[in-house]
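In: return a 3D structure for these sequence lines:
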Amino acid sequence: MEAFSRLREDSNVKGWLFTILRNLWLNELRKQRSRPQLVEVDADAHLSDGLVGSNRGAQEILESEEDAKRVRAAIDKLPSEFQEILVLREFEELSYHEIATVLSCPAGTVMSRLGRARAKLRVLLSEGWGRGAQSGKTSHHEQLR
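Out: Purely as a prediction, here's the structure:
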């Protein structure tokens, strides 16, 4: 944040911040390789489930959570370059140009890497999706297309 004052007015602040976050994330990954793995429990994960006006039934909520776990597990199995590009595009909703800026690569590389990441994710999900998934409902991996 100390360098924020040196940022040009026409600069992409979002891309600049994601570049910083990416570098911090990569540094943290390097540190974690030499440390024991800790597991964090998210106590607020089910907080919204009990809100008044929620139209979803318990079974639907459970299935949705199981689907999300499957998607997260499949993404975790991907190489880090594919995990990174999927997160930037699908979860952070960055444009191809913004991702190219963050990753310091051409937009064409972003598009091809994203295509390969989605294809690998589809394969991973199709291998294990039949277990517990009901036909006819839209799954999380279909939303990533």
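
In: what's the average pLDDT for stretch 119-132?
Out: Along stretch 119-132, the predicted confidence averages to a pLDDT of 78.

In: same question for stretch 104-112.
Out: In this model, stretch 104-112 carries a mean pLDDT of 93.

In: now stretch 78-88
Out: Per-residue confidence for stretch 78-88 averages out to 90 on the pLDDT scale.

In: restricting to C-alpha, output the strand or helix carrying residue 114 in PDB.
Out: Using DSSP states H and E, the element containing residue 114 is helix 107-129. C-alpha atoms of helix 107-129 as PDB (Å, rounded to 0.1, in the frame of the first residue of the first chain):
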ATOM      1  CA  ALA A 107      -4.500 -12.800 -23.000                       C
ATOM      2  CA  GLY A 108      -4.300 -15.700 -25.400                       C
ATOM      3  CA  THR A 109      -2.400 -17.700 -22.800                       C
ATOM      4  CA  VAL A 110      -5.100 -16.900 -20.300                       C
ATOM      5  CA  MET A 111      -7.800 -18.200 -22.600                       C
ATOM      6  CA  SER A 112      -6.000 -21.400 -23.500                       C
ATOM      7  CA  ARG A 113      -5.000 -22.100 -19.900                       C
ATOM      8  CA  LEU A 114      -8.500 -21.500 -18.800                       C
ATOM      9  CA  GLY A 115      -9.800 -23.800 -21.400                       C
ATOM     10  CA  ARG A 116      -7.500 -26.600 -20.300                       C
ATOM     11  CA  ALA A 117      -8.300 -26.000 -16.700                       C
ATOM     12  CA  ARG A 118     -12.000 -26.200 -17.300                       C
ATOM     13  CA  ALA A 119     -11.500 -29.400 -19.400                       C
ATOM     14  CA  LYS A 120      -9.500 -31.000 -16.600                       C
ATOM     15  CA  LEU A 121     -12.000 -30.000 -14.000                       C
ATOM     16  CA  ARG A 122     -14.900 -31.500 -16.100                       C
ATOM     17  CA  VAL A 123     -13.000 -34.800 -16.300                       C
ATOM     18  CA  LEU A 124     -12.300 -34.800 -12.600                       C
ATOM     19  CA  LEU A 125     -15.900 -34.000 -11.800                       C
ATOM     20  CA  SER A 126     -17.400 -36.500 -14.200                       C
ATOM     21  CA  GLU A 127     -15.300 -39.300 -12.700                       C
ATOM     22  CA  GLY A 128     -16.900 -38.800  -9.200                       C
ATOM     23  CA  TRP A 129     -20.000 -36.800  -9.900                       C
END
